[in-house]
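> pasting the structure only:
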């Protein structure tokens with residue numbers, strides 16, 4: 001399954017919520033992302049069919065190894081891009097929004113160079 005931006009956003013949200021709460025429900029995702037519960041139902045169905053997540057008998061959502069890999073990659077991009085933008089003087093809210101847009105479209109090569117730059121900046125701080 002080829003993931004679109006929204007699918008990556010859902011996986012990232014699940015990872016963040018799992019790390020924060022220890023569990024993830026559809027309602028948690030809807031509130032976190034700001035979409036309706038029917039939108040979450042449709043998205044989680046597609047992500048389950050794609051092998052990115054599972055749902056247990058208690059309706060808790062779990063990332064598969066593939067889903068976790070994708071979510072961690074997107075979340076790392078988000079954190080690095082946000083950090084760089086804030087370092088450049090962008091307001092944190094705007095940096096978060098811009099990072100969300102860029103994290104899906106940036107090439108691996110460009111991101112790798114930006115990550116190296118961010119690591120150097122953090123090491124010097």
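Here it is on my side, so go on. Source: prediction; values computed, not measured.

> Assumed residue 9 was part of a helix.
Yes: counting by DSSP: H, G, I helix; E, B strand; the rest coil, residue 9 is part of a helix.

> Can you get me a residue count around it?
22 (other CB atoms under 10 Å). For the C-beta atoms, the positions are set from N, CA and C on the backbone; glycine is no exception.

> mind listing what's buried in stretch 3-13?
Within stretch 3-13, the residues scored as buried using 16 or more other CB atoms under 10 Å are 3, 7, 8, 9, 10, 11, 12, 13.

> Which residues does it contact?
The contact list for stretch 3-13, computed with CB atoms under 8 Å, 6 or more residues apart in numbering, reads 1, 29, 32-33, 40, 43-44, 46-47, 50, 52-53, 63, 67, 70-71, 74-75, 78, 100, 103-104.

> Give me the buried subset of those.
Neighbour-count burial (16+ other CB under 10 Å) applied to the contacts of stretch 3-13 gives 29, 32-33, 40, 43-44, 46-47, 50, 52-53, 63, 67, 70-71, 74-75, 78, 100, 103-104.
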